[in-house]
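> 3D model of this:
(one chain, ligands or ions: 2)
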Amino acid sequence: MVTIKTDESIEAMRAAGRVVAQALAAAREAAAVGVELTDLDRAARAVLDGAGAGSPFLDYHPQWAPVPFPAVVCTSVNDAVVHGIPDGYRLRDGDLVSVDCGAVLDGWVGDAAISFTVGRARPEDRRLISTAEEALRAGIAAAVVGNRIGDVAHAIGRVCRAAGYGIPDGFGGHGVGRSMHEDPTVPNEGRAGRGLPLRHGMVLAIEPMLISSGADDTYTAQDGWTVRTLDGSRASHAEHTVAVTADGPRVLTAP
Ligand code: MG
Ligand code: MG
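Residues are numbered from 1 along each chain as shown. Ligands and ions are numbered 1, 2, ... in the order given. Here you go, the predicted structure:
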């Protein structure tokens, strides 16, 4: 069921989204060569705690997962696409890191992700990251009243494919509200003019994921969480929580 949020609820979600933006900024700030992924989690956790916010990630236990998620951020490095668990891995020169973070404030959820490099960046990683961001901007621009979910999906997919990148099969965005994952699903590729019509008050997590080789195949690692590219090529992820409003899309997880 798709829930329509009141303007007051959207304001409350904006407050949650601001905390997410701050937590992501803190995680990025903490990232450097030699730093452990758990340090990124600790930095984000301090922001959530300081804001009095909870984490929709911590202890999240979907049916398919062998264990509850143990952290407040997902850290996905290089060939990891999404859902990486922050562990004792120490970041190396040239690593491509995606950090995904959520916050719950007054019962409302925000969800966003960024990707960046540590140390000396490979030019091909810069391009992968900037294309994911461009795809996110295109998806957001299409999240307007009168459009349909397929228009958002199409806008994202077109940017990714035009750059020659793959789009992981079976992953995409979603509605957000009182819970992290609500209807509708927001695919990262689709047909314009199809699907659910967008209405004022819908809130969507729009989240392109790109695979550098152009392949779409992934697998889940032995930890039961981390999604990796099948061919070992690198991946990038960018996400914002966006409200569809009569005045246009409003990015609730902007800084
Ligand atoms: Mg997310
Ligand atoms: Mg999400």
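> ligand 2 contacts on the stretch 1-150 of the chain?
Neighbours of ligand 2 within the stretch 1-150 of the chain, by CB under 5 Å from the ion: Asp111. The way it works is simple: take the backbone N, C-alpha and C, and place the C-beta from them, glycine included.
> for the stretch 1-150 of the chain, what spans make up the strands?
Applying DSSP state E, counting those that start in this stretch to the stretch 1-150 of the chain gives strands spanning 73-77, 80-82, 96-105, 108-117.
> same for the second one, what does it pack against?
The criterion is 3 or more CB pairs under 8 Å, 6 or more residues apart in numbering; DSSP states H and E, and the helices and strands that strand 80-82 contacts are strand 96-105, strand 209-211, strand 227-229, strand 235-237.
> is the first one anywhere near ligand 1?
Which is strand 96-105. Yes: with CB under 5 Å from the ion as the criterion, ligand 1 is reached by strand 96-105 at Asp100.
> what residues of that strand count as buried?
96-105 (16 or more other CB atoms under 10 Å).
> one step back: can I get the helices and strands packed on strand 80-82 in JSON lines including mean pLDDT?
Formatted as JSON lines, the helices and strands packed on strand 80-82 follow (pLDDT from 0 to 100):
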{"stretch": "strand 96-105", "mean pLDDT": "98"}
{"stretch": "strand 209-211", "mean pLDDT": "98"}
{"stretch": "strand 227-229", "mean pLDDT": "98"}
{"stretch": "strand 235-237", "mean pLDDT": "98"}
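> okay if I get these as TSV plus distance to Asp49?
Below are the helices and strands packed on strand 80-82 laid out as TSV (distance: least, CB to CB, whole Å):
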stretch	distance to Asp49
strand 96-105	11
strand 209-211	29
strand 227-229	28
strand 235-237	25
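> for Val2, find the nearest of these.
For Val2, the closest of the helices and strands packed on strand 80-82 is strand 96-105, at 19.7 Å, according to CB to CB.
> and the closest one, how far from the chain's centre?
Centroid separation for strand 96-105 versus its chain: 7 Å, with CA atoms, centre = their mean, to the nearest Å.
> ditto for stretch 30-41
Mean C-alpha position of stretch 30-41 versus that of the full chain (CA atoms, centre = their mean) differs by 19 Å.
> could I have the CA atoms of it written out in PDB?
Only the C-alpha atoms of stretch 30-41 are listed here, as PDB (Å, rounded to 0.1, in the frame of the first residue of the first chain):
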ATOM      1  CA  ALA A  30      36.100   9.800   9.000                       C
ATOM      2  CA  ALA A  31      37.200   7.800   5.900                       C
ATOM      3  CA  ALA A  32      40.900   7.800   5.100                       C
ATOM      4  CA  VAL A  33      43.600   5.400   4.100                       C
ATOM      5  CA  GLY A  34      44.200   3.000   7.100                       C
ATOM      6  CA  VAL A  35      40.800   3.700   8.800                       C
ATOM      7  CA  GLU A  36      38.600   0.800   9.700                       C
ATOM      8  CA  LEU A  37      35.100   0.600   8.300                       C
ATOM      9  CA  THR A  38      33.800   0.300  11.900                       C
ATOM     10  CA  ASP A  39      35.200   3.800  12.400                       C
ATOM     11  CA  LEU A  40      32.800   5.100   9.700                       C
ATOM     12  CA  ASP A  41      29.900   3.400  11.500                       C
END
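> mind listing what Tyr89 touches?
Tyr89 makes contact with 36-37, 77, according to CB atoms under 8 Å, 6 or more residues apart in numbering.
> can you tell me which of these is nearest Ala23?
For these, the nearest to Ala23 is Leu37 (14.7 Å; CB to CB).
> how many other residues sit next to the residue lying closest to the closest one once chain neighbours are set aside?
With sequence-adjacent residues excluded and distances taken as CB to CB, 6 or more residues apart in numbering, Leu37 is closest to Pro86, at 3.9 Å. Neighbour count of Pro86, defined by other CB atoms under 10 Å: 23.
> surely Pro86 meets Val35?
No: Pro86 lies out of contact with Val35 (CB atoms under 8 Å); the separation is 10.9 Å.
> since that was my last question, I'll sign off now.
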